[in-house]
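A.B. asks: 3D model of this:
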Amino acid sequence: MNLARMAMRLLRPCLALLCAISMFAALPAKSDDDTEQSGFAREVLERAERIRFPGKGFQVDIAITTTAPDNDPELRSYRILSKGNAQTLVQTTAPAIDRNQILLMRDHDLWVFLPNLSQPIRLPLSQRLTGQVANGDLARANFVGDYTPSLLRSEKIGGELHHVLQLNAVDRWVTYNKVHYWVNARNGHPYKAEFFTLSGRLLKVCHYQKFKPMGGEVRPTQLVIEDALRSGHRSVLDYSGMVERDLPDRIFTKDYLKKLSR
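C.D. replies: Predicted coordinates for the structure are as follows:
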């Protein structure tokens, strides 16, 4: 009897290990098809984002016209200096009363510099900048690195095949929790994006339009963003003057921008 108990005591750890191995073996392994599809979605996303923005440092001017029912159109203008997807400077150029207001994004941090304040104020990327445009739409507009893409489906629009990607945020600090992104399968041009809240509700829809040569590539020079929750509320972003620039790291510092915003 004592020998039997001793044997069971010795066998228990082995049985537990065998059970753990069996449970692990029963888990579905990631198939080659899943890996291939994930790589394909990544390639589609990277191609579309190279068309939207240069891979190196660049400067571009953006005029944003916001319209809403029973309101006069509102026009605001910005100059963007961007270096990769981790350093961006957004300077207000119009209206005149708001000139020298500056947004600075470094990595996951975003600050606003105001001429009448001695210290910058930290802001979330998702906060509204103007109309239907959030801070992150200008300060961190490139989807690569912030989202994990997967292929939802492919569909034809106007006789052209488009790949529909689902972009899931890599972290909660990203501007939108989820994005559905339509990309032209033939030329890689972005066509449309739908932006969702954390709860899964459709927040707004963006259309990429007026593809023209700009900054060494044929790019969308107009974005139309429509509020999915309020009919008739929209913002139109017109891009111009895009040029590649060698931007030193020092301009993306709080000390430098304190001087610039005065």
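
A.B. asks: who are the contact partners of the closest residue to residue 144 other than its chain neighbours?
C.D. replies: Residue nearest to residue 144 in three dimensions, not counting chain neighbours: residue 49, with 4.9 Å by Cβ to Cβ, 6 or more residues apart in numbering. The C-beta positions use only the backbone N, C-alpha and C, and glycine is treated the same way. Residue 49 makes contact with 142-144, according to Cβ atoms under 8 Å, 6 or more residues apart in numbering.

A.B. asks: again, only using 10 Å
C.D. replies: Neighbouring residues of residue 49 by Cβ atoms under 10 Å, 6 or more residues apart in numbering: 55, 85, 141-145, 181, 183, 188, 190.

A.B. asks: show me where the protein has helices.
C.D. replies: Counting by DSSP state H, one finds helices in the chain at the ranges 2-26, 32-52, 135-139, 254-260.

A.B. asks: so how many other residues sit close to residue 198?
C.D. replies: Residue 198 has 12 neighbours, counted by other Cβ atoms under 10 Å.

A.B. asks: for residue 159, see how far away it is.
C.D. replies: Distance, residue 198 to residue 159, using Cβ to Cβ, to the nearest Å: 36 Å.

A.B. asks: then residue 195?
C.D. replies: For residue 195 relative to residue 159 (Cβ to Cβ), the value is 27 Å.

A.B. asks: residue 90 too?
C.D. replies: 38 Å.

A.B. asks: do the same with residue 171
C.D. replies: Applying Cβ to Cβ, the value for residue 171 to residue 159 is 38 Å.

A.B. asks: of residue 195 and residue 159, who's got more company?
C.D. replies: Remark: of residue 195 and residue 159, residue 195 carries more neighbours, 23 against 5, as counted by other Cβ under 10 Å.

A.B. asks: what's that one in contact with, if anything?
C.D. replies: Residue 195 is in contact with 126, 132, 134, 137, 167, 175-181, 202-206, 225, 228, counting by Cβ under 10 Å, 6+ apart.

A.B. asks: one more pass at 7 Å, please.
C.D. replies: Each residue near residue 195 by Cβ atoms under 7 Å, 6 or more residues apart in numbering is listed here: 176, 179, 203-204.

A.B. asks: likewise residue 209?
C.D. replies: So residue 209 contacts 220, 222, 224 (Cβ under 7 Å, 6+ apart).

A.B. asks: dump those into TSV; add pLDDT as well.
C.D. replies: Below are those laid out as TSV (pLDDT from 0 to 100):
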residue	pLDDT
220	98
222	98
224	98
